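1. have a look at this prediction, sequence included:
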Amino acid sequence: MSYLSYKGKKYELVFQEFFPFFFDSQWIFKGFYEGFKKLGGFTYEAICFYKNGLQLEKYITLDEAGVEARIFAESKKDSPDFFVEQANEYRRQLKALEALVQEYSVTEWIKYTDTEVGKIFLDFHKKIEIYNSFSNFYYILSLTIESVLREKWKDENSENIQETLLALTTPCCLSISMKFSDALKKARDNYKRNRTQDTLKKETEILARDFFWLTSFSFPARTPESFISNIKDAVSDEVKKLEQPAIKLSVPEGWVAAMSVATYIKDDISTYFLPWYWHSLSDFWENIRQRIGLKTQEELWYFSYKEIAEFLSKSSVATFESLDERKAAILSAGGGHGVKILIGKDAKYFFLNVKEKIDYSAINEIRGNSAYPGKVEAKARVINNQSEFHAFRTGEILVVPYTAPEHIQLMRKSAAIVTDIGGLTCHAAIVARELKKPCIIGTKIATQVLKDGDLVEVDAEKGVVRILK
């Protein structure tokens, strides 16, 4: 795990992946935190460091937020209706945003002036700010409740603790990633029964219609052709809805509801909505790119919301002298009351000076939380980004900062899964249970301690990873 120290506060790494939109400085800070505070009455500060083309590392004052989240959770532990209402509000916002994205995806933008497009762009992202606040709020809340319960049950039987926590975070239906796996299995089975080009074409078109968005932000939307190799893949595991484990220990009703809502919302936002709306609005981004005069859509990501809107309204001339510096590094630090933004060498210098330097060379045992039990020995493979996917081999232990839909094929091939980040509502935890793969989450340091080829034991019964040689 990486930590930063800045202005007397400790920041913990909670998010690490390729993430577009530098034009989110307003979203990540002012508007975003206003929405977060509205949900729970508290907020936190963050440092976001983008390097090498928007590979984002997000650090937050997790301890500080955790204390306030604990106070909030205690006040709501006997109020399940509060969390049910939150889920209903989220669904209302999701429905409205889906309708808006559908409208924008077929809009003829050529009929609008630059100023009108700029206003629509800004208004749309103001709506996204509050919606996406749900995900971060429930991330912190679920981690807090999990921590409180582990403390409360420290003298209880470990199997009862684990089963109860798994029960609290088991989805009532298939996760979005596994819905794709289910659809893919049906497509494979249909093609196996009738191996013709017409069948292949029909099945790939159905998958592209329903799952065009199931890819990284850094890759184009999926086309029918991109699903051909998936369908021809020999792997065709049966996908089953998870059985609901029994809650064996005492849990306040409100916390049961909170964890259920967290599991649902986090999967919906991070796995579905963000990539769906990004890829659905490809024509919108392209129209903006052309109006501003950038070479590629990706170059939009290096400007703030405000800059993009100003370029379109012609209140500011688009100047790109700093584009290479922004591509090298961008740093945003602050909270709801102000943001410090640095680019290029200044961003790198600031980050290196606030990053804590930790020597992990003597560590041979790592601890985390078990998301699905089991015990295996195998070689480790550390995957930090999608460019390294090709190196992964069947039967290796997948060691990653986190998982997302694009990791599903690696997870299927793995002997076990180990992550730096995440609680029992995270993507890795849910999918590992659906795949019945031993999984340890929230180790904080696995990707920095383990090396490719290390022979390791993953003891997901106890939440321990040991380096054997």
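-> Structure received.

2. isn't Ala258 right next to Leu141, touching?
-> Yes: between Ala258 and Leu141 there is a contact at 6.0 Å, judged by Cβ atoms under 8 Å. Backbone N, C-alpha and C define where each C-beta goes, glycine included.

3. list residues touching both of those two?
-> Both Ala258 and Leu141 are contacted by Ala73, under the criterion Cβ atoms under 8 Å, 6 or more residues apart in numbering.

4. ok, so what distance separates Ile441 from Tyr131?
-> 25 Å (Cβ to Cβ, to the nearest Å).

5. which one's more surrounded, these two?
-> Set Ile441 next to Tyr131 and count neighbours by other Cβ atoms under 10 Å: Ile441 wins out with 28 against 18.

6. quick one, phi psi at the more buried one?
-> phi -110, psi 160 (degrees, to the nearest 10).

7. what about stretch 60-73, average pLDDT?
-> Stretch 60-73 shows a mean pLDDT of 84.

8. in it, what's buried?
-> Buried residues in stretch 60-73, counted by 16 or more other Cβ atoms under 10 Å: 60-62, 64-66, 68-69, 72-73.

9. which residues touch that stretch?
-> By Cβ under 8 Å, 6+ apart, stretch 60-73 touches 9-12, 14, 40-47, 140-141, 143-145, 147-148, 254-255, 258.

10. among these, the buried ones, what's the ChimeraX command?
-> Command for ChimeraX, covering only those of the contacts of stretch 60-73 found buried under the criterion 16+ other Cβ under 10 Å:
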select :11,12,14,40,42,43,44,45,46,47,140,141,143,144,145,148,254,255,258
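
11. okay, and which of the buried residues of stretch 60-73 map to strands?
-> Ile60 (DSSP state E).

12. ok, of the buried residues of stretch 60-73, which one's closest to Ile445?
-> Within these, proximity to Ile445 (Cβ to Cβ) peaks at Leu62, which comes in at 15.2 Å.

13. quickly note the distance from the closest one to Glu68.
-> Counting by Cβ to Cβ, the gap from Leu62 to Glu68 is 11 Å.

14. quick one: low-confidence ranges for this protein?
-> 1, 17-32, 53-54, 217-218, 233-244, 315-320, 336-338 (pLDDT under 70).

15. what about the nearest residue in space to Gly442 that is not next to it in sequence, neighbour count?
-> Distance criterion Cβ to Cβ, 6 or more residues apart in numbering; nearest residue to Gly442, sequence neighbours excluded, is Gly368 at 4.7 Å. Using other Cβ under 10 Å, Gly368 has 23 other residues around it.

16. next, Gly368: phi, psi?
-> According to degrees, to the nearest 10, Gly368 has phi -150, psi -160.

17. list the contacts for it?
-> 418-419, 440-444, 446, 463, 465.

18. any idea how far Lys95 is from it?
-> In terms of Cβ to Cβ, Gly368 sits 36 Å off from Lys95.

19. Gln297 reaches Trp285, doesn't it?
-> Yes: contact status for Gln297 versus Trp285: in contact at 4.9 Å, counting by Cβ under 8 Å.

20. and the residue nearest to Gly442, how far is that from Ser177?
-> For Gly368, the distance to Ser177 - Cβ to Cβ - is 21 Å.

21. cool, Gly41 as well?
-> Gly41 is 32 Å from Ser177, by Cβ to Cβ.

22. Glu57 now?
-> For Glu57 relative to Ser177 (Cβ to Cβ), the value is 23 Å.

23. neighbour-wise, which of those two wins?
-> Higher neighbour count among Glu57 and Ser177: Ser177, with 24 against 21, using other Cβ under 10 Å.

24. mind checking the SS state of the more buried one?
-> With DSSP: H, G, I helix; E, B strand; the rest coil as the basis, Ser177 sits in helix.

25. right, and it touches Val431 too?
-> Yes: at 5.4 Å, Ser177 and Val431 qualify as touching, with contact defined as Cβ under 8 Å.

26. quick check: neighbours shared by these two?
-> Common neighbours of Ser177 and Val431 (Cβ under 8 Å, 6+ apart) are Ile408.

27. is it true that Glu45 touches Gly335?
-> Yes: Glu45 is within contact range of Gly335, at 3.9 Å (criterion: Cβ under 8 Å).
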